[in-house]
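Asks: Below is the sequence, then the predicted model.
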Amino acid sequence: MAVVAVCAELKLRDGLKEKISVDVENNLSSLINGIHDLNPNVSRLLSELVEREKAHGDCAEGEEEEDDSDESEPDHPENSEVHPPAKRSKI
């Protein structure tokens, strides 16, 4: 029987690829368990990548770092008030 695996691949900006795979059996419950096993590994890899990029101060082209201290834009526009939906006329 062929080996079945659940795989994840992350392609980094520099072209390198990080691969993570988990072997599973050929049934649905094993596949679900494999996905659950893969999830923390992918999360850890992405967290490490985010921390590495924060340390270098790298941002993707067109990305800006979030700054929650920006008070110039309110959460809701000044002229946005909650109104009931417009009534439809029967035709």
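Replies: Received the coordinates, thanks.
Asks: how about the helices of this protein, start to end?
Replies: 28-56 (DSSP state H).
Asks: what stretches of it score poorly on pLDDT?
Replies: Counting by pLDDT under 70, the chain has low-confidence residues at 1-2, 58-80.
Asks: Swap in 50 and give it another go.
Replies: Residues of the chain meeting the criterion pLDDT under 50: none.
Asks: I'd like the distance between residue 49 and residue 35.
Replies: Using CB to CB, to the nearest Å, residue 49 is found at 20 Å from residue 35. Heads up, the C-betas are built off the backbone N, CA and C, glycines and all.
Asks: what's the answer for residue 54, then?
Replies: For residue 54, the distance to residue 35 - CB to CB - is 28 Å.
Asks: Of those two, which one has the most company?
Replies: Just comparing residue 54 and residue 35: by other CB atoms under 10 Å the higher neighbour count belongs to residue 35, 14 against 11.
Asks: which non-adjacent residue is nearest the more buried one?
Replies: Nearest-residue entry for residue 35: residue 6, 5.8 Å, with adjacent residues in sequence omitted and distances by CB to CB, 6 or more residues apart in numbering.
Asks: How many residues are close by the one you found?
Replies: 19.
Asks: Next up, the contacts around it.
Replies: By CB atoms under 8 Å, 6 or more residues apart in numbering, the contact list for residue 6 reads 21-22, 24, 31, 34-35, 38.
Asks: Then residue 22?
Replies: Residue 22 sits in contact with 5-7, 34, 37-38, 41, where contact means CB under 8 Å, 6+ apart.
Asks: Many thanks, have a good one.
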